[in-house]
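# turn this into a model:
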Amino acid sequence: MHDIEADLDEEDMPATERELADDAQWKLIQKNTFTRWANEHLKTVNKHMNDLENDLSDGLRLVALVEVLSGKKFKHINKRPNFRTQKLENVTMSLKFLEEDEGIKIVNIDSTDIVDKKLKLILGLIWTLILHYSISMPVWEGEEPEPGEREKGATPKQRLLGWIQGKVPDLPIKNFTHDWNDGRAVGALVDAIAPGLCPDWEDWDPKKSKPNAKEAMDAAEKWLDVPQLIKPEEMINPKIDELSMMTYLSQFPNAKLKPGAPLRPRTNAARVRAYGPGIEPTGNHMGAAARFTVETFSAGRGEVTVIILNPKGQQETCEVIFNDDRNKTYSCTYTPQMEGDYRVIVKFSTKEIPKSPFNVKVEGAAGDASKCSAAGPGLEKSGVMALHKTYFEIFTEGAGRGNVEVIIMDPAGHRERVKPVITKKDRIHLLRGIHTKRCWHSFSASVLRWTPDSKQSVFCGSLATCRAKEMLCHWPRRSAQRCPCQGRCCVSSSYKGSRRRSTPCSDYWTRWCRRALQYQEDR
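Numbering: from 1, shown residues only. The predicted structure is shown next:
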């Protein structure tokens, strides 16, 4: 009974579907690929095929395709082949030209097979054209065959595979089927031809085969002018057709990079650096926010991941914020919840950066930030000169344990452009901030002492807005080394009439010390 039903089903099945019934997937892929290949050539003469099986039966599009591939014109063709004999004449003329003039050996394909729309034989004819005009005949740039290789009869398949293996030595590509299923191989090939077009292919997840193939094939089509003769979903199909893959890949040897391509450096975690008190071996305290910065400017495209492991091996939360600045920095903050040895693991694009993991010893709870004070020229509302060093002092005596952190914000709101230098002394922390712009500007200096509560930052000292003025040092340059401040004093000077007025350096320091003491008493 089942055999009878099967016979009835086959009788009802159209001829095309019957031909493709066995191993239908790869044959359909082949039909689609060969149709796209033919259309890529026919579009130069404003012709198109919708169905490879039917559109070649009158011989007109076959004649046009052969003319484009060979670069020669036929003198006489039947332009309106309404009768079978006229169609046969067109097809016969094309096949005869290919054999006699082009030297292409055509086996077991007759003009009646094309006119009668026999799909398997039509596919065989198109593959013969692909093999000759796209793989065997072209001279590929950069191809270095072994001595006598061509003379020894290397097949077109061996030639194409050898060229690809030379371009992508890092991947073991041995075939045109399953070695391409995860999309990484085509990404590697695209990046080998145009370094920087797919620089991250090594980090692609093999399980995400379709996105991998799509990214690489889209880049190749847009910037290398390599049409997608197969589609990403066809490339990742386990039953991908070998001839279809060879047809698509045969376009790469002579591909040229277009101007303006978005080339990117290869992702390199070794070029990422991290710095800041939050990853120092000592100086961090339980309950106090520990901060550090990760700089990724020259590392390529990728994401920063931070893992904080406490002494018990448990993971704690770390806030990671991308600053979108020139150096592509990330601001990272975590608050240790216990004393002991912490491990800070920093990864870029799933790979650990140099010196990671960072071993951080967290001590007991921090002291009282309200007992800190700050004073100095760098916090005054006036008197700070652009392009000259300034400083202020932070007094931490009696405040207990803790870290001093200084954040300087420029008029545009950037926190990374003016980087302070903190020097620890016996009883104070001394900071010198350097202005980096040749302009009059304002900046804010925020002195952060401790953050006992992870949800609230406690600022101590002064949050001052300073107006940079054009200043003149009163001390003569030739005597700068004799100045008690070694030439770093910048006391306001002005001209009144024709007489220059200035304040002696010693008097300036005396007045400044009095102001600092008065400031401490007011606090």
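# and the helix or strand encompassing K222, which residues are buried?
Under DSSP states H and E, the secondary-structure element containing K222 is helix 209-223. Buried residues in helix 209-223, counted by 16 or more other CB atoms under 10 Å: S209, N212, A213, K214, E215, A216, M217, A219, A220, W223. Every C-beta, even on glycine, is put in place using the N, C-alpha and C of the backbone.
# and of the residues you listed, the nearest to P169?
A216 (17.7 Å; CB to CB).
# please name the nearest non-neighbouring residue to that closest one.
Nearest residue to A216, sequence neighbours excluded (CB to CB, 6 or more residues apart in numbering): G187, at 4.0 Å.
# what's the local residue count around the one you found?
If you count neighbours by other CB atoms under 10 Å, G187 ends up with 26.
# verify the stated contact: it with D203.
No: G187 lies out of contact with D203 (CB atoms under 8 Å); the separation is 10.1 Å.
# show me what contacts E280?
Residues near E280 by CB atoms under 8 Å, 6 or more residues apart in numbering: V360.
# likewise for E295?
With CB under 8 Å, 6+ apart, E295 has these contacts: V272, R273, A274, Y275, N327, K328, T329.
# beta partners of it?
Beta-bridge partners for E295, by DSSP bridges, are R273, T329.
# at the geometric centre of this protein, which residue do we find?
Centroid-nearest residue in the chain: R301, 3.3 Å away (criterion: CA atoms, centre = their mean).
# can you classify E363 by secondary structure?
strand (DSSP: H, G, I helix; E, B strand; the rest coil).
# please report how far the residue nearest to it when sequence neighbours are not counted lies from E319.
Computed as CB to CB, 6+ apart, the closest residue to E363 that is not its neighbour in sequence is H285, at 5.2 Å. Computed as CB to CB, to the nearest Å, the H285 to E319 distance reads 18 Å.
# show me which of the two is the more surrounded one.
Between H285 and E319, H285 has the larger neighbour count (other CB under 10 Å), namely 23 against 13.
# show me where pLDDT drops low in the stretch 51-200 of the chain?
141-153 (pLDDT under 70).
# all helices of it, in order?
52-55, 60-70, 84-100, 111-115, 119-130, 156-167, 184-193 (DSSP state H, counting those that start in this stretch).
# list the buried residues in the first one.
Looking back up the chat, that one is helix 52-55. L52, E53, D55.
# quick one: which of these is nearest A154?
Checking these one by one against A154 (CB to CB), the nearest turns out to be L52, at 29.4 Å.
# now for the closest one: which residues touch it?
K31, F34, T35, A38, L119, I122, L123, I126.
# hmm, the fourth one is touching D51, no?
No: under the criterion of CB under 8 Å, A38 is not in contact with D51, lying 11.1 Å apart.
# more neighbours: these two, which one.
A38 (26 against 13).
# which other residues reach the helix or strand hosting the more buried one?
Take DSSP H and E as the rule and A38 turns out to sit in helix 24-42. Under the contact criterion CB under 8 Å, 6+ apart, helix 24-42 has outside partners 19-20, 48-49, 51-53, 61, 64-65, 68-69, 119, 123, 126-127, 130, 134, 227-231, 234, 237, 239-241, 243-244, 247-248.
# hmm, try it at 6 Å
Helix 24-42 is contacted by residues 20, 48-49, 52, 65, 68, 126, 227, 229-230, 234, 239, 241, 243-244, 247 when judged by CB atoms under 6 Å, 6 or more residues apart in numbering.
# name the helix or strand of this structure that has the lowest mean pLDDT.
strand 458-468 (a mean of 34; mean pLDDT, DSSP states H and E).
# among the contacts of L52, who's most crowded?
Going by other CB under 10 Å, A38 tops the contacts of L52 with 26 neighbours.
# and the gap between that one and W127?
For A38 relative to W127 (CB to CB), the value is 11 Å.
# next one: R264
Distance from R264 to W127, by CB to CB: 37 Å.
# which one of the two is surrounded by more residues?
W127 (18 against 15).
# distance of the more buried one from A255?
W127 is 22 Å from A255, by CB to CB.
# please apply the same query to P336.
Counting by CB to CB, the gap from P336 to A255 is 54 Å.
# who's more crowded, the two?
Between P336 and A255, counted using other CB under 10 Å, the more crowded position is P336 (23 against 17).
# right, and the more buried one touches M286 too?
Yes: between P336 and M286 there is a contact under CB atoms under 6 Å: 5.2 Å.
# touching both of those two, which residues are there?
Joint contacts of P336 and M286 (CB under 6 Å, 6+ apart) are V362.
# buried set for stretch 332-350?
C332, T333, Y334, T335, P336, Y342, V344, I345, V346, K347, F348, S349.
# which residues are in contact with that stretch?
Counting by CB under 6 Å, 6+ apart, 203, 267, 269, 272, 274, 279, 286, 289-292, 299, 302, 304-311, 318-320, 353, 356-358, 360-362, 364, 454 sit against stretch 332-350.
# that's all I had, so thanks and see you.
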